[in-house]
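Student: Output the structure for:
(one chain, ligands or ions: 1)
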Amino acid sequence: MNNVKRYPTKKIFVGDVAIGGDAPISVQSMTYSKTSDVEATVEQIRALHFAGADIVRVAVPDLSAANALKAIKEQTSLPLVADIHFNYKLALIAAEVVDCIRINPGNIGDKKRVTEVVKACKQRNLPIRIGVNCGSLESQFEDKYGQTARGMVESADYNIKYLEDLGFDDIKVSLKASDVQRTVEAYRMLRPMNNYPFHLGVTEAGTQFHSTIKSSIALGSLLLDGIGDTLRVSMTGELEKEIEVGRAILKDAGLVQEGLNIISCPTCGRIEADLVSAVAEVEEKTKHIKTPLNVSVMGCVVNALGEAKAADVAIAYGKGVGLIIKKGETIAKLPTDQLLDRFLKEVEFEAKKESKN
Ligand code: SF4
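Tutor: So this is what the prediction gives:
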């Protein structure tokens, strides 16, 4: 059940993906190949697409990267965001090809140059992401506020108004710091100040382990506050994992109902079966199921019966035998080695039944 009331934001479109308003919260990532290496970049984009990404961003640091965008776009179908700093000419080249531009108007140069970029984006209905990073605040904000949440919010507000003054409001905003507290504080502070959709993320969040924790805390806190319209989990050297974790955050925050929610105990000295292998097998063999189902796989009867009450299908392992329970009712008592097969059959059956309803 989803009790989260999302902050009402303006709906924008990155290609055919809606962001904000009542659109589902999208998950995105960024390639780490040299964008000028078309083959490698296309390969990474396809891997992200296969992993379930909704949108992909590529860095455009130089002319060869900007010139590669057309070939990349022709060979991929995910909406493409060009990430540009400082050089408005690169933004102009990118705007002819991609689906969204990430710039900070404040670091693009004088107003004439920003106006040209805005004009190019308007012509093709491209949104602009204002991407504030705590580590690269404009000096006027860093000097006054330091690398703080307030500094990020002031920078975002300045950049938003810069675009609004040019008659442009096809905007989304991100406010990323490399730690949880500043990230959360900044998004919460900026949220009531406008209704643009927010792209959530903790920047430079580190390795898979640390990024998963930081992103889960920060993005989870914000999402449960109703803040966030698209997100990126940033991980050192990982692509598909970013998407997997991003999707899991949405699912475990209760914002997306998709696939199995597997409840399994941590095991202890009362364990009656090889639960670790059993849960791994359940996870592997039910990956394809998109129907939302609650299942529980518990190592002994102590808590299994309680958990089974709320589960669509459950296993309660006992001494040499165990129970299969469906929606609180015991439907079979079987020897331990037959339990998993029966459980998986019942899960498939329930998934098919539910998807027809
Ligand atoms: Fe231990 Fe049983 Fe609880 Fe699992 S369900 S943690 S085996 S008491």
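Student: ok, His49 - contacts?
Tutor: 56, 76-78 (CB atoms under 8 Å, 6 or more residues apart in numbering). Bear in mind the C-beta positions are built from the backbone N, C-alpha and C, glycine included.
Student: Looking at neighbours, which among these is most surrounded?
Tutor: Highest neighbour count within these, by other CB atoms under 10 Å: Val56, with 26 neighbours.
Student: In this structure that one contacts Phe50, no?
Tutor: No: counting by CB atoms under 8 Å, Val56 does not reach Phe50; the two are 11.8 Å apart.
Student: Quick check, Leu69 in contact with Thr76.
Tutor: No: using CB under 8 Å, Leu69 is not in contact with Thr76; the gap is 10.6 Å.
Student: Show the contacting residues for whatever residue of the stretch 51-200 of the chain ends up closest to the ligand.
Tutor: Nearest residue of the stretch 51-200 of the chain to the ligand, counting by CB to the nearest ligand atom: Val180, 29.6 Å away. Contact analysis of Val180 by CB under 8 Å, 6+ apart lists 202, 214, 217-218, 221.
Student: Those also near the ligand: which ones?
Tutor: Checked against the ligand using CB under 6 Å from any ligand atom, the contacts of Val180 yield no neighbours at all.
Student: Output those residues as CSV; include the columns secondary structure.
Tutor: Listed next are the contacts of Val180 as CSV, based on DSSP: H, G, I helix; E, B strand; the rest coil:
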residue, secondary structure
Val202, coil
Lys214, helix
Ile217, helix
Ala218, helix
Ser221, helix
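Student: Show me where the stretch 201-350 of the chain has its strands.
Tutor: Along the stretch 201-350 of the chain, the segments classed as strands by DSSP state E, counting those that start in this stretch run 230-232, 260-264, 293-298, 313-317, 321-326, 329-335.
Student: could I get these as JSON lines with mean pLDDT and distance to Asn159?
Tutor: Shown next, in JSON lines, are the strands of the stretch 201-350 of the chain (pLDDT from 0 to 100; distance: least, CB to CB, whole Å):
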{"stretch": "strand 230-232", "mean pLDDT": "97", "distance to Asn159": "18"}
{"stretch": "strand 260-264", "mean pLDDT": "92", "distance to Asn159": "39"}
{"stretch": "strand 293-298", "mean pLDDT": "94", "distance to Asn159": "44"}
{"stretch": "strand 313-317", "mean pLDDT": "94", "distance to Asn159": "50"}
{"stretch": "strand 321-326", "mean pLDDT": "94", "distance to Asn159": "54"}
{"stretch": "strand 329-335", "mean pLDDT": "95", "distance to Asn159": "58"}
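Student: Excluding residues flanking it in the chain, which one is nearest the residue of the stretch 51-200 of the chain closest to the ligand?
Tutor: Ala218 (4.4 Å; CB to CB, 6 or more residues apart in numbering).
Student: List the residues that contact that neighbour.
Tutor: Contacts of Ala218 by CB under 8 Å, 6+ apart are 180, 183-184, 200, 202.
Student: Greatest separation within those residues: which pair is it?
Tutor: Farthest-apart pair in the contacts of Ala218 is Val180 and Leu200; separation 11.8 Å (CB to CB).
Student: Ser29 contacts Val56, correct?
Tutor: Yes: with contacts counted by CB under 8 Å, Ser29 reaches Val56, the gap being 6.1 Å.
Student: tell me, what's touching the two both at once?
Tutor: By CB under 8 Å, 6+ apart, Ser29 and Val56 have these common neighbours: Leu48.
Student: Which stretch among the strands of the stretch 201-350 of the chain approaches Pro8 most closely?
Tutor: Shortest distance between Pro8 and these, using CB to CB, is found for strand 230-232: 15.6 Å.
Student: From the rest of the structure, what touches that closest one?
Tutor: Contacts with strand 230-232, where a contact means CB under 8 Å, 6+ apart, come from 19, 25-30, 54-55, 57, 172, 197-201, 219, 223, 242, 246, 249-250.
Student: Kindly report the same for stretch 279-289.
Tutor: Here stretch 279-289 makes contact (CB under 8 Å, 6+ apart) with 259-260, 262, 264, 295, 297, 340, 343-344, 347-348, 351.
Student: can you list the residues of the stretch 201-350 of the chain near the ligand?
Tutor: Taking CB under 6 Å from any ligand atom as the contact definition, the stretch 201-350 of the chain meets the ligand at 265-268, 270-271, 298-300, 302-304.
Student: again, only this time at 5 Å
Tutor: For the stretch 201-350 of the chain, the contact set with the ligand under CB under 5 Å from any ligand atom comprises 265, 268, 270-271, 298-300, 302-303.
Student: most neighbours, which of these?
Tutor: Result: Met298 is most packed of these (other CB under 10 Å), 30 neighbours.
Student: For the residue lying closest to that residue once chain neighbours are set aside, give me its contacts.
Tutor: The spatial neighbour of Met298 that comes closest, neighbours along the chain excluded (CB to CB, 6+ apart), is Ala304 at 3.6 Å. Neighbour list for Ala304: 265, 296, 298, 314-317, 323, 325 [criterion: CB under 8 Å, 6+ apart].
Student: Which one of those residues is nearest to Gly237?
Tutor: Cys265 (33.2 Å).
Student: Please tell me I have it right and that closest one contacts Val301.
Tutor: No: counting by CB under 8 Å, Cys265 sits too far from Val301 to count as a contact (11.1 Å).
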